[in-house]
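> got a predicted structure here, sequence first:
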Amino acid sequence: MELSDRYRMVRNRTEVICKPLITEDFVIQPAEFVSPPKWHLGHTTWFFEKLILQKFISGYKQYHSSYDYFFNSYYESLGPRVSQPDRGYFSRPSVEDVLRYRKHVDEHMDLYLSEQISEEAEILFSLGIQHEQQHQELLLMDIKYIFGFNPMYPVYSSDSAFESEEIKEKNIFIQIDGGMYTIGHCTDDFCFDNEKPAHQTYVAPFRISKTLVTNHEYLEFIEDGGYGDFRWWLDEGWRWLKENQISAPLYWRKSDGEWMHYTLAGEKPVSMKEALCHISYYEAAAFANWKQKRLPTEFEWEIAARKFEWGSRWEWTSSAYLPYPNFKPNEGPTGEYNGKFMVNQMVLRGASIATPPDHRRITYRNFFHPHRQWQYSGIRLAE
Ligand SMILES: [Fe+2]
C-alpha cells in the first residue's frame, strides 16, 4: 500500500471512532488517567507535525505556536506541556480548531508523501502510524470511561455485540516443554524498540489455559468472598482495594440482585460466557491465587501463543516491564517512547477488541501500572 493511502486510512479511522460523540463528550476528563478525546485528536496530529513536517519540510510553519504546549504528551526533549491530569481544563483550542488542525497537517502530509521520502522519514512515519493506532485504542478506553462514569450510561454503539467475546472452547490446559526459546521481534516488519533485541531465554516446563477466564469463573471468586479475603491478595493490592473500595471489575454494579456492567453498547446484564474484562493486575493475581494457579510470564505467553486464540483481551502477565538484554532505546525524542516507562509497571500480552486489527503482534509488549482497570484486560491462567 502507498504511504499516503495508509496515512489517510489510519487518520480517517480515528475520526470514525469519534463520530458518535457530541461536543461535550470531547472535552471532559473524569479521571486523571483519562484524556479528553479532543486531546487525542490534537496530540496524534502534533506527533506528525513535530516529527515529520517540522523536521523534513524546509520552511514549514508550525500551525499554532501554543500547540506544542497543549499536545505534547510526555516528551521532555520537546519542551513544556500541560500535565496529564490537567488536560480537561482547557476549552480552547476548541474541537473545531483541533479538527481544522488535523486537516491542515493532513494536507501537508499528503503533499509530502506524494514524493519519495528518506529512510529516516519513513521510519518516523511508521512510528506515527503505529502511535495513532495506539491512541485509537486509548480513545475507546477513554470514551468508555467518560460514558461509563455517567449514570445515564450513554450508548456509544448500537451494535449490541460491540465488545462481547463469548468463550466457546472448553477450558483445557496445554503442556509446553521446557527449554531455550527465542523471545522478541526478529523480522524486518515494524516493531517498537521495547520488543528488541530478540534473545534466548530458558523456560521451565509449564501448562497454560487455552481460554481466557470467563465472567462466570470470576463471579465464583466474588461470591466466595474473594474481595474480602486477604489471603489471595498482594499487600499492595489489598491496600488498593481497601482505599478505593473495590469489590468488582470496573463498570460492574449490582442492581436489584443482578450483576450489570456498562459496555459501549449500553448497560447490560453480565453475560456468564463472556471473557472477563477490566480488571487490574492485583485482581488478576488474586484470582489466580484463589484458583491455585498463577499468571504466565510474558515469555511463557509468547512461546505458547501460537497454540491458542488471543486478541480479545489484553492478558496480564506476571512479568515486570523491563528492558530485554542489550535493549537500546531509539535515538532522539522517540527514545522517550518506551524505555523511560520501565519501572513499576506490568506487561500485558496479546491485544483486545479495541486494538486496531493490523496493530497486533505476538511479540507486542503492552504495559500498565498494576492498579489500572480501564484497559480491556483479562486473565489467562498457567500452572
Ligand atoms: Fe501519544
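Noted; the coordinates are in hand.

> ok, W374 touching C277?
No - contact between W374 and C277 fails when scored by C-beta atoms under 8 Å: they sit 10.3 Å apart. Quick note: C-beta positions are derived from backbone N, CA and C, even for glycine.

> show me which of these two is the more surrounded one.
More crowded of W374 and C277, by other C-beta atoms under 10 Å: C277, with 28 against 19.

> any idea how far G148 is from the more buried one?
For C277, the distance to G148 equals 12 Å [C-beta to C-beta, to the nearest Å].

> longest helix of the protein?
For the chain, the longest helix by residue count, based on DSSP state H, is helix 119-148.

> packing partners of that helix?
The contact analysis (3 or more C-beta pairs under 8 Å, 6 or more residues apart in numbering; DSSP states H and E) places helix 119-148 against helix 3-18, helix 23-27, helix 37-48, helix 54-56, strand 258-263.

> the last one: what's the following helix or strand?
Sequence order places strand 266-269 as the next helix or strand after strand 258-263, per DSSP states H and E.

> just checking: what are the partner strands of that next one?
Using DSSP bridges, the strands paired with strand 266-269 are strand 258-263 (antiparallel).

> what does the partner strand contact?
Residues outside strand 258-263 that contact it (C-beta atoms under 8 Å, 6 or more residues apart in numbering) are 144, 147-148, 153, 162-164, 219, 248-249, 251-254, 267-270.

> now do 7 Å
Residues from elsewhere that reach strand 258-263, judged by C-beta atoms under 7 Å, 6 or more residues apart in numbering: G148, Y153, F162, E163, L219, Y251, W252, R253, E267, K268, P269, V270.

> mind checking the pLDDT average for the host helix or strand of the fifth one?
Going back to what we said before, that points to L219. Under the criterion of DSSP H and E, L219 resides in helix 215-223. Helix 215-223 comes out with an average pLDDT of 98.

> distance between that helix and the chain's centre?
Centre-to-centre, helix 215-223 and its host chain are 25 Å apart (C-alpha atoms, centre = their mean, to the nearest Å).

> next, the buried residues of that helix.
Neighbour-count burial for helix 215-223 flags N215, E217, Y218, L219, F221, I222 (criterion: 16 or more other C-beta atoms under 10 Å).

> one step back: just the helices and strands packed on helix 119-148: most buried one?
Most buried of those, by mean neighbour count (mean count of other C-beta atoms under 10 Å): helix 37-48, with a mean of 25.

> other SSEs contacting it?
The contact analysis (3 or more C-beta pairs under 7 Å, 6 or more residues apart in numbering; DSSP states H and E) places helix 37-48 against helix 3-18, helix 23-27, helix 67-71, helix 95-113, helix 119-148.

> which of these sits closest to K55?
helix 119-148 (7.5 Å; C-beta to C-beta).

> for that closest one, buried residues please.
Applying a neighbour-count criterion of 16+ other C-beta under 10 Å, one finds 121, 124-125, 127-148 buried in helix 119-148.

> and the residue lying farthest from the centre of the chain, what are its phi and psi?
Going by C-alpha atoms, centre = their mean, the residue of the chain most distant from its centre is G59, 36.0 Å out. In this entry, G59 is assigned phi and psi values of phi 80, psi 0 (degrees, to the nearest 10).

> neighbouring contacts of the helix or strand that the longest helix of the chain is followed by?
The element immediately downstream of helix 119-148 (helix or strand, assigned by DSSP H and E) is strand 173-176. Applying C-beta under 7 Å, 6+ apart, the external contacts of strand 173-176 come out as P205, F206, R207, I208, S209, K210, I303, A304, K307, E383.

> strand 173-176 pairs with which strands, parallel or anti?
strand 206-209 (antiparallel).

> check the offset of the partner strand from the chain's centre.
With C-alpha atoms, centre = their mean as the basis, strand 206-209 stands 25 Å off its chain's centre.

> over to stretch 313-320?
12 Å.

> again with stretch 130-146
For stretch 130-146, the distance to the chain centre is 7 Å (C-alpha atoms, centre = their mean).

> residues of stretch 84-104 that come out buried?
Under the neighbour-count criterion of 16+ other C-beta under 10 Å, stretch 84-104 has R87, G88, F90, P93, V95, V98, L99, Y101, R102 buried.

> export it to CSV, keeping only CA atoms.
C-alpha atoms of stretch 84-104 as CSV (Å, rounded to 0.1, in the frame of the first residue of the first chain):
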residue,chain,number,x,y,z
GLN,A,84,-1.7,15.0,32.1
PRO,A,85,-4.3,15.4,34.9
ASP,A,86,-5.0,19.0,33.6
ARG,A,87,-5.8,18.1,30.0
GLY,A,88,-9.5,18.6,30.6
TYR,A,89,-9.3,22.2,31.9
PHE,A,90,-9.0,23.9,28.6
SER,A,91,-12.0,24.9,26.5
ARG,A,92,-9.6,26.3,23.8
PRO,A,93,-8.4,25.2,21.3
SER,A,94,-12.0,24.1,20.5
VAL,A,95,-13.0,20.8,19.0
GLU,A,96,-13.5,22.7,15.7
ASP,A,97,-10.0,24.2,16.0
VAL,A,98,-8.5,20.8,16.5
LEU,A,99,-10.3,19.3,13.5
ARG,A,100,-9.0,22.2,11.4
TYR,A,101,-5.5,21.5,12.7
ARG,A,102,-5.9,17.8,11.7
LYS,A,103,-7.0,19.0,8.2
HIS,A,104,-4.0,21.3,7.9
